[in-house]
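In: Sequence isn't available, so here's the structure alone:
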């Protein structure tokens, strides 16, 4: 089944739904217990009983900044002009962060941006900027550049926009991953090949681009291997090193077991950021048919998410 404009709309809209659900107005974002969240979800009556709307279910900084990236891409700008547009929209987006809990690297990075001035889209290298703040706002890059022959554009935009706040490779390669995986979803590429594609196709392009761009090359190369090493380990663990065959799962793999698995390969993560990425991919693959209407009918920013999805679809098919 081809990826239609309805799938694009579902991807953007469900990314906001996942964000709002994972955030739960600050109650679930930093809750490190999957079993506790599942228990509370059950007590709420399950997803079919949750009306995702204000005031109880706002979106977090994830959706505000994802929209900023998407709306910049939807202008059709490219190159340096696009980067300044993204930086400008990130600065504007930070004015809408009351109660949305942006992360420290995002706050610091965006405060250092000076869109419209030479060099104003880059920030000093930050060895602490290893979190998911770049990954959570980059899925739309894969919607703008979804085709295999656009890989270099996808990677370059993900790297440069990602390191506006997360110049450490563990941070900005997360942006490459989330952009790449949405492009794979659009391509209908088998999901068992996604991780291998990240390591063998996208990461080498990203490394070459970093060298050619000439910014923080020494620091970036020094810190490069943590991200790629963890991915190699995870693909080995799941039997996906060749991108083929059946995935290897433990016999028992519920919320508690997932928590332990995540701790073995991940930095501390946020429930909303996990959901904003996963739900975008899910929407691109499966659409809205099986999603309860109460989960998105009155979602904050629904109109903007749907509108920008349609613009990105048109641009991706030009």
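Out: Cool, got the structure. Fair warning: this is a prediction, and the values are worked out from it, not measured in the lab.

In: what are the phi and psi angles of residue 114?
Out: phi -140, psi 70 (degrees, to the nearest 10).

In: so it makes contact with residue 120?
Out: Yes: with contact defined as Cβ atoms under 8 Å, residue 114 counts as touching residue 120 (3.4 Å). In short, each C-beta sits where N, CA and C put it, glycine included.

In: what touches both of the two?
Out: When contacts are counted by Cβ atoms under 8 Å, 6 or more residues apart in numbering, residue 114 and residue 120 are jointly contacted by residue 87.

In: Name the SS class of the nearest residue to residue 216 once chain neighbours are set aside, please.
Out: Leaving aside its chain neighbours, residue 216 sits nearest to residue 125 (4.3 Å; criterion: Cβ to Cβ, 6 or more residues apart in numbering). Of the three states, residue 125 takes coil according to DSSP: H, G, I helix; E, B strand; the rest coil.

In: Give me the distance between residue 125 and residue 86.
Out: 19 Å (Cβ to Cβ, to the nearest Å).

In: These two: which is more packed in?
Out: Ranked by neighbour count (other Cβ atoms under 10 Å), residue 125 and residue 86 place residue 86 first, with 28 against 16.

In: Excluding residues flanking it in the chain, which one is nearest the more buried one?
Out: Counting by Cβ to Cβ, 6+ apart, the residue nearest residue 86 is residue 72, at 4.3 Å.

In: For that neighbour, give its distance to residue 310.
Out: Here residue 72 is placed at a distance of 16 Å from residue 310 (Cβ to Cβ).

In: These two: which has the busier surroundings?
Out: A count of neighbours by other Cβ under 10 Å puts residue 72 above the other of residue 72 and residue 310, at 25 against 15.

In: and that one, what helix or strand is that in?
Out: helix 61-73 (DSSP states H and E).

In: Which strands and helices lie in contact with that helix?
Out: helix 5-23, helix 79-93, helix 139-144, helix 271-286, helix 302-316 (3 or more Cβ pairs under 8 Å, 6 or more residues apart in numbering; DSSP states H and E).

In: Now do the shortest one: everything it contacts.
Out: Spelled out, it's helix 139-144. Against helix 139-144 from outside (Cβ under 8 Å, 6+ apart): 8, 11-12, 15, 66, 69-70, 73-74, 154, 157-158, 161, 175, 178-186, 276-277, 280-281, 284, 308-309, 312-313, 315-316.

In: Pretty sure residue 133 sits against residue 106.
Out: Yes: using Cβ under 8 Å, residue 133 is in contact with residue 106, at 4.3 Å.

In: who touches both of these two?
Out: 65, 165-166.

In: for this structure, what are the low-confidence residue spans?
Out: Counting by pLDDT under 70, the chain contains low-confidence ranges at 268.

In: Which residue lies nearest the spatial centre of it?
Out: residue 136 (3.1 Å; Cα atoms, centre = their mean).

In: Tell me who's in contact with that one.
Out: 62, 65-66, 178, 270, 272-273, 276-277 are the contacts of residue 136 under Cβ under 8 Å, 6+ apart.

In: Among these, which one lies nearest to residue 302?
Out: residue 66 (13.6 Å; Cβ to Cβ).

In: Residue 270: neighbouring residues, count only.
Out: 25.

In: Correct me if wrong: it contacts residue 29.
Out: Yes: assessed by Cβ under 8 Å, residue 270 is found in contact with residue 29 at 5.1 Å.

In: sorry, back to before: as CSV, the contacts of residue 136 with distance to residue 23 would be great.
Out: As requested, the contacts of residue 136 are arranged in CSV below (distance: Cβ to Cβ, whole Å):
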residue, distance to residue 23
62, 8
65, 13
66, 13
178, 17
270, 8
272, 4
273, 9
276, 9
277, 14
